[in-house]
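Engineer: Quick one, what's the 3D model for this:
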Amino acid sequence: MNGVEVLADGFSRVGPGLTRVLTGLDEAALTRRLDPQANTLAWLAWHIAREQDAQVAPLAGEPQVWTAQGWDTRFDLPLAPTDMGYGHTADQVALVVAGVELLLGYYEATAAATARYLTTVTPEQLDDVVDRRWDPPVTRGVRLMSVLGDALEHLGQAAFVRGVLDREG
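Structural biologist: Next comes the predicted model:
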């Protein structure tokens, strides 16, 4: 298995995990906070998709699924179309309100775009520098691994929140 195949496998695991976490929840559960500063399940799911979309689309040379497929209009959030949740305050987290179908639909569209892109990447291209603003410069492989790592980290957070909500009944 080469690096591209490993990344593709990793990304393919996020959607089923997100589906397990969100299935069966209503809006009250999706927007419940375990603490006044905590992220909600709705925000975590939205952010997983937004971050992946916002970072993979430029690598692919494609527009973001968020705006190109009208997800920004469907969500109708009071946030800038470029917002992906990075550095959100507690008040901004509270602005992300959406149902399970919408959240999973956007993630599935983003995952499909990511999977298509990964079929075009060769193992050698993982070493291409894609961002020179960092020291060391960021390669395609590092960027993709970073996006995947963040998605899995937020998915773990979401699974924890879901477990607490289930336990509280």
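Engineer: List the contacts of the residue positioned nearest the centre of the chain.
Structural biologist: The centre of the chain sits closest to I48, judged by CA atoms, centre = their mean, with a distance of 1.8 Å. I48 is in contact with 14, 18, 107, 150-151, 154-155, 158, counting by CB atoms under 8 Å, 6 or more residues apart in numbering. Just so you know, the C-beta spots here come from the backbone N, C-alpha and C atoms, and that holds for glycine as well.
Engineer: do S12 as well
Structural biologist: Under the contact definition (CB under 8 Å, 6+ apart), the residues listed for S12 are 111, 115.
Engineer: does it sit in a helix, a strand or a coil?
Structural biologist: Three-state call for S12 (DSSP: H, G, I helix; E, B strand; the rest coil): helix.
Engineer: Would you quantify the distance from it to V6?
Structural biologist: Look at S12 and V6: by CB to CB, to the nearest Å, they are 11 Å apart.
Engineer: Report the contact partners of the nearest residue to D127 once chain neighbours are set aside.
Structural biologist: The shortest distance from D127 to any residue that is not its chain neighbour, by CB to CB, 6 or more residues apart in numbering, is 5.5 Å, and that residue is T139. T139 makes contacts with 126-130, as judged by CB under 8 Å, 6+ apart.
Engineer: So which of the contacts of I48 is the closest to D91?
Structural biologist: Comparing the contacts of I48 against D91 with CB to CB picks out H154 as the nearest, at 19.3 Å.
Engineer: Now that closest one: which helix or strand?
Structural biologist: helix 140-168 (DSSP states H and E).
Engineer: Return the set of buried residues in that helix.
Structural biologist: Neighbour-count burial for helix 140-168, counted by 16 or more other CB atoms under 10 Å, picks out 140-145, 147-148, 150-152, 154-155, 157-159, 161-162, 165.
Engineer: ok, G169 to A29 distance?
Structural biologist: For G169, the distance to A29 under the criterion CB to CB works out to 11 Å.
Engineer: higher neighbour count, those two?
Structural biologist: A29 (17 against 4; other CB atoms under 10 Å).
Engineer: Am I right that that one is in a helix?
Structural biologist: Yes. Remark: A29 belongs to a helix, assigned using three-state DSSP.
Engineer: How about the contacts made by it?
Structural biologist: Contacts for A29 (CB under 8 Å, 6+ apart) come out as 41, 165.
Engineer: where do the strands sit along the protein?
Structural biologist: Counting by DSSP state E, the chain has these strands, from start to end: 129-131, 138-139.
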